[in-house]
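**Student:** Predicted structure and sequence below. I'll ask about it afterward.
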Amino acid sequence: MAFSCQMSLPPLAPLPGPRVLYKKACDQAAAAIVQLTAADGATASPAASDGSGKSRCRLFAVDFPPTREEQRSGTLVARYEHNYNLMESLLGGLGSNGNFRHVGGRVRICDNVNPQGGGEYLTDDEVMTGITADDCGALGRVIVLINAGVDASTLKQVRKLDDDASVIVLLNCALERLTFFDKLGMGGYFDQFKVAYYLKFIAGTGMLMKTGSEPWKLFAANGSDQQTGITPELVREWDAKPSTVDAESALRSYTSQSKSNRQPR
């Protein structure tokens, strides 16, 4: 399977916008992982050699924005279902034919039969869980993991699931939430993870994006652009991830300047 990781744009649907096309986003993330894994000079644990004497990058973080349904629901069940679908789509994008196996903690969705209500719930929200496939082309075995809950301390379980050879992808685990002391307590393991793909909304109409070896990019994707099918416009690039404050400030300046340029003279 051939992959391309050229200048990437946010995968947005024309209407109603901005809305993410998750299948396309997963394909972009898959292409980025392949690119970074094959990149010369990448570093990883010594056991992650491809047989050429060079070590390969094999630890990655991928983050997508939540769906509108997930945001409306606000439940761990909706988040878990969305993330599970993304795991399957990502492995498919990496070339797997669907022969997935479970890894990590076991999680089931149960229905609360309490007459007073309560809805569906997860049997365990303090575990790392995921799926793995051995048929991901040149990557071989890939393990994709999600946090069933939201507690960052659950990420400690990842190291126990790492066999020091497989490609590991942490999906929507928001590693940026880990503090210096969190990482220190985990032995610096998470400092080895590279951001393969990152896509998040900024101030409603902006999108912060990172794809493979490309710089961090901020795009403006306002409603009129999406309705007319105009490609989102690049606002600014950074070598390192910008803070939310800096990204919002850049978006406001760009929006203000755009409005000023459209004013009749």
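**Tutor:** Yep, it's here. As the structure is a computational prediction, the values presented were derived from the model and not from experiment.

**Student:** can you give me the strands in the stretch 1-150 of the chain?
**Tutor:** All strands of the stretch 1-150 of the chain, identified by DSSP state E, counting those that start in this stretch, fall at 12-13, 19-20, 59-63, 101-104, 109-111, 120-122, 128-133, 142-147.

**Student:** And the pLDDT at Thr228?
**Tutor:** Thr228 is assigned 49 on the pLDDT scale.

**Student:** deepest of the strands of the stretch 1-150 of the chain, which one?
**Tutor:** Most buried of the strands of the stretch 1-150 of the chain by mean neighbour count (mean count of other CB atoms under 10 Å) is strand 142-147; its value is a mean of 26. (Glycine included, C-beta is placed from N, CA and C.)

**Student:** Can you report how many residues neighbour the residue lying closest to Ser153 once chain neighbours are set aside?
**Tutor:** Of all residues not flanking Ser153 in the chain, Asp182 sits nearest, at 7.8 Å (CB to CB, 6 or more residues apart in numbering). Residues near Asp182, counting by other CB atoms under 10 Å, number 15.

**Student:** next one: the one 3 residues further on
**Tutor:** Other residues within reach of Gly185, judged by other CB under 10 Å, total 12.

**Student:** what do you get for the one 10 residues further on?
**Tutor:** Using other CB under 10 Å as the criterion, Val195 is surrounded by 18 other residues.

**Student:** what do you get for Ala165?
**Tutor:** By the criterion of other CB under 10 Å, Ala165 has 14 neighbours.

**Student:** And it, how far from Val195?
**Tutor:** 22 Å (CB to CB, to the nearest Å).

**Student:** same check, this time on Arg106
**Tutor:** 29 Å.

**Student:** Over to Val20?
**Tutor:** The spacing between Val20 and Val195, counted by CB to CB, is 17 Å.

**Student:** mind listing what Asp239 touches?
**Tutor:** Going by CB atoms under 8 Å, 6 or more residues apart in numbering, Asp239 touches Pro215, Trp216.

**Student:** So the residue nearest to Ser153 is in contact with Ala152, correct?
**Tutor:** Yes: with contact defined as CB atoms under 8 Å, Asp182 reaches Ala152; the gap is 6.4 Å.

**Student:** Helix or strand next in line after the strand ranked longest in the chain, which one?
**Tutor:** The single longest strand within the chain, with elements called by DSSP state E, is strand 194-202. Per DSSP states H and E, the first helix or strand lying C-terminal to strand 194-202 is strand 206-211.

**Student:** The helix or strand just after that next one relative to strand 206-211, how many degrees between them?
**Tutor:** Downstream of strand 206-211, the first helix or strand assigned by DSSP H and E is strand 216-220. Counting by axes from the mean of the first three to the mean of the last three CA atoms, to 10 degrees, strand 216-220 lies at 150 degrees to strand 206-211.

**Student:** Next, the angle strand 194-202 makes with strand 216-220.
**Tutor:** For strand 216-220 against strand 194-202, the angle by the same axes, to 10 degrees is 20 degrees.

**Student:** what sits up against strand 216-220?
**Tutor:** Contacts for strand 216-220 (CB under 8 Å, 6+ apart): 9-10, 198, 202, 205-210, 232-242, 247, 250-251, 254-255, 258.
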